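# No letters, just coordinates:
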């Protein structure tokens, strides 16, 4: 799918809808008993806190290691969960479906954010529309959201930020007049402006520019001379001139990478082999989804660099396919060749490396329609492999890396230590029949 941008319109209105504490809200939506309780969601392998609701933010910070906050969790009755990507992905799709039903032009910005194009709705009651979107999302999937509506994407981001922090707004902030634009920018710290990174924040703060309004009243000539083109666009958008288009279709990725830490370190070749095949299967599925072919494959393995008591190594190689491909079956032999080439050999009595992570990257991507064959390379079973690949994809459907029913090649049993450690995983009643919620009448 090629990138598709919506033409800029000087009279546009844009809304940014965003799920509140999205991962935690997903857990709460399928487990109503969690309402009013502090909730934390942990990262891969239950390493650190990556999401928390407002109640949990009083006690825990983003990135806190789970083993370091055990006493805090117990003391304040915080409910903790492993990352349930199947649940979050499904509820995300449902939420975006609700958002997109309100406008013909919609940009899915992230798993929990989306831009709605309200251009042509001048004079419309945006307060009523915004409340309806918030109410429909909460009733439909149980996810609370905040919505910011403004003439540009940057102002919509600012409005959304203020909708989260200003409880009196009840999740909706609208900038539709010059007075409201100035008021909103004066409330927004410069570090919270979309696109202003830490380096620019530090520099601007040192100059006495502490709010978005302070930045918006700088001379444009100074911004263009002393800052980047991106900052110039931010300045113009803050002042009400649209210059960042909605992406109705995202651009194709230039490379696709799957890299994960193992649930447990291992020196077993077969376990690492199984992980590499799973990661390759995931990357190739994403490749097919965007209708592209890959010319190169990279495989890498590494130990845990933070464990000073273990031997350290990082190894990786890449190879070019004879013919660009999107077929997992065709890629597996090349991935195995690379893995065998980088696998360490040990002398008698030498302590083996304990590997913590594997990486598979497909690069040098081209559109499927631009793929050229190689007259010197012949694969007699190519059509059979493609039919088999299509059948596997159909069986797996939208399932992700950790829940697919069919994984190609060297998959091992449930004893495989390279799988993610998710000891606090919740159920997924929206995608698994076995996890369905039964209601007794």
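Great, that's in hand. As the structure is a prediction and not an experimental result, all values here were calculated from the model.

# next SSE after the one helix or strand residue 74 maps to?
Residue 74 is located in helix 70-76, with elements delineated by DSSP states H and E. Counting by DSSP H and E, the next helix or strand C-terminal to helix 70-76 is strand 79-81.

# So which other helices or strands are in contact with that next one?
Helices and strands touching strand 79-81, by 3 or more CB pairs under 8 Å, 6 or more residues apart in numbering; DSSP states H and E, are helix 22-30, strand 39-42. Glycine gets a C-beta too; all of them are placed from N, C-alpha and C.

# Let's have those in a markdown table, adding mean neighbour count and distance to residue 175.
What follows is these, written out as a markdown table (neighbours: other CB atoms under 10 Å; distance: least, CB to CB, whole Å):
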| stretch | mean neighbour count | distance to residue 175 |
| --- | --- | --- |
| helix 22-30 | 23 | 24 |
| strand 39-42 | 25 | 31 |
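
# Out of those, which gets nearest to residue 439?
Closest approach to residue 439 among these (CB to CB): helix 22-30, 13.1 Å.

# What average pLDDT does the closest one get?
For helix 22-30, the mean pLDDT works out to 94.

# Please list the residues outside that helix that contact it.
19, 34-35, 39-41, 50-53, 56, 79, 81, 83-84, 87-88, 91-92, 111-112, 141-144, 426-430, 437 (CB atoms under 8 Å, 6 or more residues apart in numbering).

# Give me the subset of these lying in strands.
Using DSSP state E, the members of the contacts of helix 22-30 that fall within strands are 19, 39-41, 50-52, 79, 81.

# Dump those residues into JSON lines; add pLDDT and distance to residue 327 as well.
Listed next are the ones in strands among the contacts of helix 22-30 as JSON lines, based on pLDDT from 0 to 100; distance: CB to CB, whole Å:
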{"residue": "19", "pLDDT": "94", "distance to residue 327": "36"}
{"residue": "39", "pLDDT": "95", "distance to residue 327": "41"}
{"residue": "40", "pLDDT": "95", "distance to residue 327": "41"}
{"residue": "41", "pLDDT": "95", "distance to residue 327": "35"}
{"residue": "50", "pLDDT": "93", "distance to residue 327": "34"}
{"residue": "51", "pLDDT": "93", "distance to residue 327": "36"}
{"residue": "52", "pLDDT": "93", "distance to residue 327": "41"}
{"residue": "79", "pLDDT": "94", "distance to residue 327": "43"}
{"residue": "81", "pLDDT": "94", "distance to residue 327": "36"}
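
# is it possible to export those to CSV including distance to residue 215?
Formatted as CSV, these follow (distance: CB to CB, whole Å):
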residue, distance to residue 215
19, 28
39, 35
40, 34
41, 34
50, 30
51, 30
52, 30
79, 40
81, 39
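
# For residue 318, state which of those residues is nearest.
For the ones in strands among the contacts of helix 22-30, the nearest to residue 318 is residue 50 (30.4 Å; CB to CB).

# you'd agree the closest one is up against residue 41?
Yes - counting by CB atoms under 8 Å, residue 50 touches residue 41, with 6.2 Å between them.

# Between the two, which contacts overlap?
In contact with both residue 50 and residue 41: 23, 83, using CB under 8 Å, 6+ apart.

# tally of neighbours for residue 94?
15 (other CB atoms under 10 Å).

# I meant to write residue 425 there.
17.

# looking at it, it is touching residue 86, isn't it?
No - Residue 425 is beyond contact range of residue 86, at 9.5 Å (criterion: CB under 8 Å).

# what sits in contact with each of the two?
By CB under 8 Å, 6+ apart, no residue touches both residue 425 and residue 86.

# What is the most widely separated pair among the ones in strands among the contacts of helix 22-30?
Top of the distance list for those (CB to CB): 19 and 79, 18.5 Å.

# Those two: which has the busier surroundings?
residue 19 (25 against 21).

# so who does that one touch?
Taking CB under 8 Å, 6+ apart as the test, what residue 19 contacts is 25, 92, 95, 112-113, 143-145.

# For those residues, give me CSV that also has distance to residue 207.
Shown next, in CSV, are the contacts of residue 19 (distance: CB to CB, whole Å):
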residue, distance to residue 207
25, 38
92, 39
95, 40
112, 34
113, 30
143, 40
144, 38
145, 35
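
# Pick the one among those residues closest to residue 367.
Nearest member of the contacts of residue 19 to residue 367, counting by CB to CB, is residue 92, at 26.9 Å.

# and the gap between the closest residue to residue 82 other than its chain neighbours and residue 45?
Residue nearest to residue 82 in three dimensions, not counting chain neighbours: residue 422, with 3.6 Å by CB to CB, 6 or more residues apart in numbering. Per CB to CB, to the nearest Å, residue 422 is found 8 Å from residue 45.
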